[in-house]
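Enquirer: below is the sequence, then the predicted model.
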Amino acid sequence: MVHTCRVTPPVRLIATDLDGTLLRGDHTVSAYTLDVLERARAAGVPVVPITARSPDGIDRVAEGAGLRGTAIIANGCLVYDLDAREIVSAVSLPVAVARKVAEALREAIPEAAFAVLAGRRVHREAHYRHATHVHRDPVIVDELARLWEAPLVVRLQANSEVTPTEEMMVIAAGLGLSGVKFTHSGDDTMMEIVPDGVSKASALAEFCAGRGIAPEEVAAFGDNLNDLEMLAWAGRPYAMANAHPAVLAAVPGRAPSNVDDGVARVVAGLLGL
């Protein structure tokens with residue numbers, strides 16, 4: 001009998017979520033993590049941040065976290081050049097779909113306020129309160145109908161200070177709306193609405209396909225529900241020790257917590273750094 005050994009392919013790309021994964025609670029990383037990420041890049045293995053953050057949101061942490069090159073942001077809706085601070089490509093919601101969803105949600109969750117990520121800029125209602133300090137030069141509108149004057153609807157965001165995000169998700173799922181996906185990034189006041197079929201996983205798969213990188217050559221790290229599809233796609237998925245219980249239940253691979261340099265420690269082991 002001839003026995004064959006399965007050869008494990010080398011890791012050719014590191015895909016990592018940011019908040020709760022690569023970044024510590026104060027949105028920084030340690031000197032050790034900075035060093036490992038630099039050595040990974042020097043070894044020819046790119047480190048691709050994959051995050052729900054907007055362009056302004058990732059710009060705020062990129063330099064301190066040693067992030068360079070290409071990032072996938074807005075939960076897969078945008079590919080972003082961190083060095084040039086420019087959007088490379090975007091997937092957007094049709095305005096008619098975004099309007100229909102917002103109107104249905106306003107009826108179901110009357111206190112909800114809405115914002116539109118329109119490329120680099122955010123257009124928002126005056127009473128929208130989620131992370132308003134992050135976005136530079138927002139366009140503030142006095143009624144929902146004026147949100148659709150935005151030149152592009154990358155994603156729609158619903159903010160409520162009354163109805164928790166998980167409850168908003170349940171309400172939204174019961175409205176029978178098509179063409180969209182409801183998601184969130186662990187925040188208890190904001191739900192995101194993106195085009196159906198768009199996720200961190202779909203954007204990462206397209207990015208890797210364009211570079212001839214197979215799923216089994218990707219190590220991915222995440223901590224929250226919006227990371228699950230990406231972790232299921234990657235050949236080497238790792239849930240952070242501090243991850244959401246559903247992520248820990250679904251993903252066998254483990255990394256130490258975000259405050260214990262979890263991503264860097266696993267990457268150092270994988271690449272022999």
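Expert: The structure has been received and is ready for your questions.
Enquirer: what about Tyr238, neighbour count?
Expert: 26 (other CB atoms under 10 Å). For every residue, glycine as well, the C-beta is placed using N, CA and C.
Enquirer: go on, Ala214?
Expert: With other CB under 10 Å as criterion, Ala214 counts 12.
Enquirer: could you tell me the per-residue confidence at Arg120?
Expert: Note on Arg120: pLDDT of 89.
Enquirer: correction: the previous question concerned His130.
Expert: 76.
Enquirer: also Ala65?
Expert: Reading off the model, Ala65 has pLDDT 93.
Enquirer: could you list the low-pLDDT ranges of the stretch 101-250 of the chain?
Expert: Scanning the stretch 101-250 of the chain for pLDDT under 70 picks out 131-134.
Enquirer: what ranges do the helices span in it?
Expert: Counting by DSSP state H, counting those that start in this stretch, one finds helices in the stretch 101-250 of the chain at the ranges 165-173, 200-209, 228-233, 245-250.
Enquirer: outline the domain layout of the protein.
Expert: The chain breaks down by automatic domain parsing into domains covering 13-90+199-271, 95-195.
Enquirer: among those, which is the most enclosed?
Expert: domain 13-90+199-271 (a mean of 19; mean count of other CB atoms under 10 Å).
Enquirer: identify the residues contacting Pro46.
Expert: For Pro46, the contact set (CB atoms under 8 Å, 6 or more residues apart in numbering) comprises Leu13, Ile14, Ala40, Gly69, Thr70.
Enquirer: which pair of those residues spans the longest distance?
Expert: Comparing every pair within the contacts of Pro46 by CB to CB identifies Ala40 and Thr70 as the most remote, at 14.6 Å.
Enquirer: export the contacts of Pro46 to TSV and tack on secondary structure and pLDDT?
Expert: As requested, those are exported to TSV (DSSP: H, G, I helix; E, B strand; the rest coil; pLDDT from 0 to 100):
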residue	secondary structure	pLDDT
Leu13	strand	97
Ile14	strand	98
Ala40	helix	96
Gly69	coil	95
Thr70	strand	97
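Enquirer: of these, closest to Leu147?
Expert: Thr70 (29.2 Å).
Enquirer: the closest one contacts Val48, correct?
Expert: Yes. In this structure, Thr70 is within contact of Val48 by CB atoms under 8 Å, at 6.1 Å.
Enquirer: give me the common contacts of those two.
Expert: In contact with both Thr70 and Val48: Phe207, using CB under 8 Å, 6+ apart.
Enquirer: export the contacts of Pro46 to TSV and tack on distance to Thr165?
Expert: Shown next, in TSV, are these (distance: CB to CB, whole Å):
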residue	distance to Thr165
Leu13	31
Ile14	29
Ala40	34
Gly69	31
Thr70	29
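Enquirer: which ones are touching His244?
Expert: Here His244 is in contact with Gly186, Asp223, Asn224, Leu225 (criterion: CB under 8 Å, 6+ apart).
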